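Peer 1: sequence first, predicted coordinates after that:
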Amino acid sequence: MSNSSKFLNPGGSVKDRVALRMIDDAERQGLIHPHTGSRIFEGTVGSTGISIATIARARGYDATIIMPDDVAEEKVKALLSLGADVQRVRPASIVDKKQYVNIARQRALEFGKEEPSSRPHLVSSSSSTVVVSTESDDDDADSLKHEQFALKPRGYFADQFENLSNFNAHFEGTGPEIWRQTNGRLDAFVSGAGTGGTIAGIGRYVKSMNEDVVVALTDPEGSGLYNKVKHDVMFDSRESEGTKRRHQVDTVVEGIGINRLTKNIELALPIIDDAFRITDAEAVSMSRYLVQNDGLFLGSSSACNLVACIKLAKKMGWKEGQTIVTILCDSGNRHYSKFW
């Protein structure tokens, strides 16, 4: 078994590459410009927010992170230390306007409305929304006017769940990286899914290189993806996140698991061959084993991925020379208060 140790990235997780790609793509599309007072907004349980806050400051942006109030305290402290504005809200379904992702989107829409009479100018792409406050609705093609418009502060909603820059970061970056590092000798890839970008991007890339590579999903308690892969049904119609206001099942695992289909997950579903449901007890047991026997201090998502690797190896009848790769996506130092 091999791993890609993304918890060693500068931002401490697999999300660094995603955050950088989302910001790069937004700049290339002219949606935001550095050092103009623009602000990046995101709804996250922590890791993506920390990566955004890390990169935003280096690139000339401020960051506002909206997150559930039950996430590990260490993530909040890290965000505040990085200079991000943090708002914590009660966990809620995506159908609730007060759900953390929806609040992040709304904050981006509201950003820049300095004068009551001003109207926001909406700039959209297929995967993100930007708003800038303007004084006039006139369409002026003058280059100077355009330049002045470009330099106005904008609120950019990164939208990691639906933004395909997430997928592309892994399809064009992490996937080829893993393929090179294994010299193309890869039998299986295992990953959890929160937004779905990691398993979709890496999974599709390795499948494009060798369609026989097994792609397996790691899914924690309270998530519906295991049922979607195994039975093509996430929930009974009365229980789906889009039809019932409810909280997630309590779990100590953060960062993976979801009860709705995102654009990134929809890209992953056709190439996922198997799925494993991981209990909290299994994840905790694996994390303690790794500390005691390998000196690895990992977070809950990483522990889940490794449990799934063991289950897949047993199911495959693993033989010497076969290679299973997973992502060690988070360190234990962000999980003291909840997982450790």
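Peer 2: Thanks, I have it.
Peer 1: where in the stretch 1-150 of the chain is pLDDT low?
Peer 2: For the stretch 1-150 of the chain, applying pLDDT under 70 flags the ranges 112-150.
Peer 1: which SSE is immediately downstream of the biggest helix by length in the chain?
Peer 2: Longest helix of the chain, by residue count under DSSP state H: helix 300-316. Note on helix 300-316: by DSSP states H and E, the next helix or strand toward the C-terminus is strand 324-327.
Peer 1: that following strand pairs with which strands, parallel or anti?
Peer 2: Next to strand 324-327 in the sheet, as set by DSSP bridges, lie strand 2-4 (parallel), strand 188-192 (parallel).
Peer 1: now name the helix or strand holding the spatially closest residue to Ser191 that is not a sequence neighbour.
Peer 2: Among residues not flanking Ser191 along the chain, Ile199 sits closest, at 4.2 Å (CB to CB, 6 or more residues apart in numbering). For every residue, glycine as well, the C-beta is placed using N, CA and C. Per DSSP H and E: Ile199 is located in helix 197-209.
Peer 1: could you do Val291 as well?
Peer 2: Applying DSSP H and E, one finds Val291 within helix 280-294.
Peer 1: that helix vs helix 300-316, what angle?
Peer 2: Taking axes from the mean of the first three to the mean of the last three CA atoms, to 10 degrees, helix 280-294 and helix 300-316 form an angle of 90 degrees between their directions.
Peer 1: who does helix 280-294 touch, helix- and strand-wise?
Peer 2: helix 300-316 (3 or more CB pairs under 8 Å, 6 or more residues apart in numbering; DSSP states H and E).
Peer 1: I figured Gly257 hits Lys228, correct?
Peer 2: No - if you go by CB atoms under 8 Å, Gly257 and Lys228 don't touch, sitting 11.8 Å apart.
Peer 1: higher neighbour count, the two?
Peer 2: Neighbours were tallied for Gly257 and for Lys228 using other CB atoms under 10 Å; the higher tally belongs to Gly257 (26 against 21).
Peer 1: so the more buried one: helix, strand or coil?
Peer 2: coil (DSSP: H, G, I helix; E, B strand; the rest coil).
Peer 1: for Lys263, see how far away it is.
Peer 2: Distance, Gly257 to Lys263, by CB to CB, to the nearest Å: 17 Å.
Peer 1: and if you look at Val229?
Peer 2: 17 Å.
Peer 1: just Phe157 next, same as before
Peer 2: For Phe157, the distance to Lys263 - CB to CB - is 14 Å.
Peer 1: mind checking which of these two has more residues around it?
Peer 2: Remark: of Phe157 and Lys263, Phe157 carries more neighbours, 26 against 19, as counted by other CB under 10 Å.
Peer 1: thought that one was touching Glu110?
Peer 2: No - taking contacts as CB under 8 Å, Phe157 lies outside contact range of Glu110: 10.9 Å.
Peer 1: separation between Tyr100 and Leu109?
Peer 2: Taken as CB to CB, the span from Tyr100 to Leu109 is 15 Å.
Peer 1: which of these two has more residues huddled nearby?
Peer 2: Tyr100 (25 against 17).
Peer 1: next up, the contacts around that one.
Peer 2: 43-44, 66-68, 89, 91-92 (CB atoms under 8 Å, 6 or more residues apart in numbering).
Peer 1: what about Ala19, neighbour count?
Peer 2: Neighbour tally, Ala19, other CB under 10 Å: 30.
Peer 1: so what's the gap between the strand or helix carrying Ile23 and the chain middle?
Peer 2: Element membership of Ile23, judged by DSSP H and E, is helix 16-28. Taking the mean of its C-alpha atoms, helix 16-28 sits 13 Å from the chain's own mean (CA atoms, centre = their mean, to the nearest Å).
Peer 1: what residues does the helix or strand following that helix touch?
Peer 2: Sequence-wise, the next helix or strand downstream of helix 16-28 (DSSP H and E) is strand 39-43. For strand 39-43, contacts defined as CB under 8 Å, 6+ apart pick out 23, 32, 48-49, 52, 56, 61-67, 99-105, 107-108, 111, 153-160.
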